[in-house]
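Enquirer: predicted model follows, preceded by the sequence.
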Amino acid sequence: MRHPDVPESLDSWWILHRMFAFDRLAWDELAQTERAKIVEQATDALNALKNSEDTDVGLAQMVGHKADLMLTHYSKNYEGLAHAQTVIDRLRLSEFITPATSYVSILELGLYDATGKIHAGLAEKGLKPHSEEWNKAFDELLKEQEKVPHHAGRLWARIPQRRYVCFYPMDKKRGEEVNWYTLPFADRARLMLDHGKIGRTFHGQVTQVISGSIGYDKFEWGVDLYADDPLVFKKLIYEMRFDEASAKYGIFGDFYSGVQFSLDQLGTYLDGNKVAELNSRLEPAMR
Ligand code: 76R
């Protein structure tokens, strides 16, 4: 039975972000043959995680002291995240990368609008809220949301293959005076609608992946943004700050940004003679 104030969501990939510090000087001490072996072992393991229906993995070189390397793992089930973590931790590469921080969440598409419409539709039919009939009809209508093209395309989308990535966790404020969770449903739905409108003015310039993390991590959501130009992050996030949902209710954790690179560039990243590239030509289907 659902609390009437709760918006539904469609949930898909389990997501684990892992940030590492990389000991570059120790790596540089290694003989070329040793490096090659370690890169090969890591590349094979990462390839297995990437070329699977059930999992995906993304690599990014991060800028700033908080982390050097970010791995983004997607999995169709929670166990898959546990597996991915173990796979990485037993690599020889792990002697050179130290976990700095991590974030656990699940991709979600928020359904304020649809939830409101479903509630209204069931009320029109005269069904008693939360009766057996109501619940059944509700579940069926929610299931249909998965098939709406706008949702279907994003629900199980793989990690966006765009050069720049920005990740940060956020909450909606629960203060004594200002509290997102005590706002009436209709007000929150309106605010999210406005949020979506501002967001859509950046459509095409940025791919956003919102994941819910209540129950798994410190904040309530993880926000991943992917773009072909890093300046887009500042422009978008700044503009959002003026939107009521963010201006009044948004609370943010640390921001992380960096460049995504292709799996076959792992050796280039580790050797560090140039910035590893994202070879999206090789991965068109995953864009
Ligand atoms: O069109 C749709 O169906 C999606 C509408 C939409 C929802 C439901 C949407 C659009 N977002 C939604 C939900 Mn978003 N988003 C953020 C941030 O920095 C900040 O101020 C906030 C961080 C950004 C930058 C951003 C961008 N969004 C959410 C939620 C869940 C809230 C809930 O359920 O209560 C959060 C936490 C959140 C945060 N949002 C968009 C964007 C952009 C760019 C879009 C438009 C995407 C597009 O059309 O391409």
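Expert: Nice, thanks for sending it over.
Enquirer: and the host helix or strand of A60, which strands flank it?
Expert: Under the criterion of DSSP states H and E, A60 resides in strand 55-62. In the sheet, strand 55-62 lines up against strand 69-75 (antiparallel), strand 256-261 (antiparallel) (DSSP bridges).
Enquirer: which residues does the shortest one contact?
Expert: Read it as strand 256-261. 19, 58-64, 66-67, 70, 161-168, 226, 230, 233, 268-269, 275-278 (C-beta atoms under 8 Å, 6 or more residues apart in numbering). (Each C-beta comes from the backbone N, C-alpha and C, glycine too.)
Enquirer: could you do stretch 28-37 as well?
Expert: W27, I38, R92, G267, L270, D271, G272.
Enquirer: related to what we said a few turns ago, pull out the buried members of the contacts of strand 256-261.
Expert: Buried subset of the contacts of strand 256-261 (neighbour count, 16 or more other C-beta atoms under 10 Å): 19, 58-62, 67, 70, 161-168, 226, 233, 268-269, 276, 278.
Enquirer: tell me where the stretch 101-250 of the chain has helices.
Expert: 112-124, 132-147, 149-155, 185-200, 231-241, 244-247 (DSSP state H, counting those that start in this stretch).
Enquirer: could you dump those into TSV and include distance to the ligand?
Expert: Output for those, formatted as TSV (distance: least, C-beta to the nearest ligand atom, whole Å):
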stretch	distance to the ligand
helix 112-124	6
helix 132-147	11
helix 149-155	6
helix 185-200	2
helix 231-241	3
helix 244-247	3
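Enquirer: redo those helices as JSON lines? Include mean pLDDT.
Expert: What follows is the helices of the stretch 101-250 of the chain, written out as JSON lines (pLDDT from 0 to 100):
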{"stretch": "helix 112-124", "mean pLDDT": "89"}
{"stretch": "helix 132-147", "mean pLDDT": "91"}
{"stretch": "helix 149-155", "mean pLDDT": "91"}
{"stretch": "helix 185-200", "mean pLDDT": "96"}
{"stretch": "helix 231-241", "mean pLDDT": "98"}
{"stretch": "helix 244-247", "mean pLDDT": "97"}
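Enquirer: and of those helices, who's closest to N51?
Expert: N51 lies closest to helix 149-155 among those, at 20.5 Å (C-beta to C-beta).
Enquirer: show me which residues of that closest one are buried.
Expert: Those would be H151, R154, L155, for helix 149-155 by 16+ other C-beta under 10 Å.
Enquirer: can you list the residues you listed in JSON lines and add distance to Q260?
Expert: Shown next, in JSON lines, are the buried residues of helix 149-155 (distance: C-beta to C-beta, whole Å):
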{"residue": "H151", "distance to Q260": "25"}
{"residue": "R154", "distance to Q260": "19"}
{"residue": "L155", "distance to Q260": "21"}
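Enquirer: what's the most distant pair in the contacts of stretch 28-37?
Expert: Maximum distance among those (C-beta to C-beta): 18.1 Å, for R92 and G272.
Enquirer: residues from the chain in reach of the ligand?
Expert: 110, 170, 192, 195-196, 199-200, 202-203, 206, 208, 210, 221, 223, 236-237, 240-241, 246, 250 (C-beta under 6 Å from any ligand atom).
Enquirer: and T55, bridged to which residues?
Expert: The partner residues for T55, given DSSP bridges, come to S75.
Enquirer: that one touches Y78, doesn't it?
Expert: No. Judged on C-beta atoms under 8 Å, T55 makes no contact with Y78 at a distance of 12.0 Å.
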